[in-house]
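Peer 1: from the sequence below, what's the structure:
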Amino acid sequence: MKNTIYLFLILITVLLSSCEDIINVKLSTEDLNLYGVEASITPLDGPSVFLYQTLQVNQDMTYPGISDAVVILSDNAVPANQATLTEDLVKKGQYRLQGNAVYPGIPGREYTLTIQVKGVTLTAKDQFSRVEPIDSIRVEPSLRGDKRFLGVFTYGKETPGKGNYYKWDVYVNDTLLHDARRMAIASDEFVDGNYVTKNEIYTDFYEKSNEAKDRKLKLNDTVYVNQTSISEFAYNFYFQVINQSSTGSLFSVPPANIKSNFTSSDGKPVLGIFVARDVSKSNMVIITKALVDQLTPQ
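Peer 2: This next block holds a predicted model:
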């Protein structure tokens, strides 16, 4: 009997070990040193462009900014309004308007960003759409997770006419929350023209064992939201960003570069996006003890 059990255990061990395959991944060097761009224009901040060089997948460092580029932004007005951006004196590769110059985005116009760098021209276009003013936000126990977490909710009317797309940026103590996995985007497909209540755009999920580090919404924090309009291309771009940030699970999408709206004169792919966004800023909410006490203990 003991021999039978022993042989059975060996058989299980062999079967389990046979399920493990060691795969040596060969990293291609074909598309190294591509250009990447993070660019936007809003009525609040005007134009901002960060031009950088891509890195190998196994390089863990900040993207190196690129200097000495000619960066020009124009619209489709007649005659066109044009602005030249200059490099920031502190952050390499960051380009903004010089001095007190103003170039706010105007709803209804199409904007073209042109970057000339090292003999190559990068070009991108995006449509600037008007965003409906946000009525208000509230911070309340989330509708998810048995009210164990705080959530940020928006209230407001959706612009009539299908084909509108939105992105919400949550600020805590004037600092933007960066988390691709919980980026808040939406289309108006199912709410066209309606007044939308309790739209939960952010949920402060955290593990109890790591609460101090994971929790983003804390007592006495100040929260506000920028509700922004984005183009259909930008919506699809951010949707892919969310999917790619979750790679590694059983049902995740295959890792891949996300299609940019930039084209390059040398025919090489360009990473990143240029996005024109109208902005509506919400009221500010302070997280009080009364709010925190509503949460159900885990």
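Peer 1: just the pLDDT for the closest residue to Arg130 other than its chain neighbours.
Peer 2: Using C-beta to C-beta, 6 or more residues apart in numbering and skipping the chain neighbours, the partner closest in space to Arg130 is Pro107 (3.6 Å). Where you see a C-beta, it was placed from the backbone N, CA and C, and this is true even at glycine. Reading off the confidence values, Pro107 has pLDDT 89.
Peer 1: number of nearby residues for Pro107?
Peer 2: As a burial measure, Pro107 scores 13 neighbours (other C-beta atoms under 10 Å).
Peer 1: hang on, Tyr224 packs against Ile137?
Peer 2: Yes. Counting by C-beta atoms under 8 Å, Ile137 is a contact partner of Tyr224 at 7.0 Å.
Peer 1: where do the contact lists of these two overlap?
Peer 2: Common neighbours of Tyr224 and Ile137, counting by C-beta atoms under 8 Å, 6 or more residues apart in numbering, are Ser282, Asn283, Val285.
Peer 1: the first one touches Tyr224, doesn't it?
Peer 2: Yes. Distance between Ser282 and Tyr224: 5.1 Å, which falls inside the contact criterion (C-beta under 8 Å).
Peer 1: more crowded one of those two?
Peer 2: Per other C-beta under 10 Å, whichever of Ser282 and Tyr224 has more neighbours is Ser282, with 23 against 18.
Peer 1: what does the pLDDT read for the more buried one?
Peer 2: pLDDT, read off for Ser282, is 97.
Peer 1: buried residues, stretch 185-203. List them.
Peer 2: Ile185, Ala186, Ser187, Asp188, Val196, Asn199, Ile201, Tyr202, Thr203 (16 or more other C-beta atoms under 10 Å).
Peer 1: coming back round to it: which residues do Ser282 and Tyr224 both contact?
Peer 2: With C-beta under 8 Å, 6+ apart as the test, Ser282 and Tyr224 both reach Ile137.
Peer 1: now do the SS call for the residue nearest to Arg130.
Peer 2: For Pro107, the assignment made with DSSP: H, G, I helix; E, B strand; the rest coil gives coil.
Peer 1: try the one 4 residues further on
Peer 2: Following three-state DSSP, we place Tyr111 in the strand state.
Peer 1: how about the contacts made by Pro104?
Peer 2: Contact partners of Pro104, counting by C-beta under 8 Å, 6+ apart, are Ile41, Thr42, Pro43, Leu44, Gly46.
Peer 1: swap that for Gly36, please
Peer 2: Going by C-beta under 8 Å, 6+ apart, Gly36 touches Leu51, Tyr52, Gln53, Thr54, Tyr63, Val270, Leu271, Gly272.
Peer 1: am I right that the first one is in a strand?
Peer 2: Yes. Assessed with three-state DSSP, Leu51 lies in a strand.
Peer 1: tell me what it is bridged to.
Peer 2: Listed by DSSP bridges, the beta-bridge partners for Leu51 are Val37.
Peer 1: can you check the pLDDT for the residue lying closest to Tyr195 once chain neighbours are set aside?
Peer 2: What sits nearest to Tyr195 in space, not counting adjacent residues and going by C-beta to C-beta, 6+ apart, is Lys157, at 4.9 Å. The score at Lys157 is 93. That number is its pLDDT.
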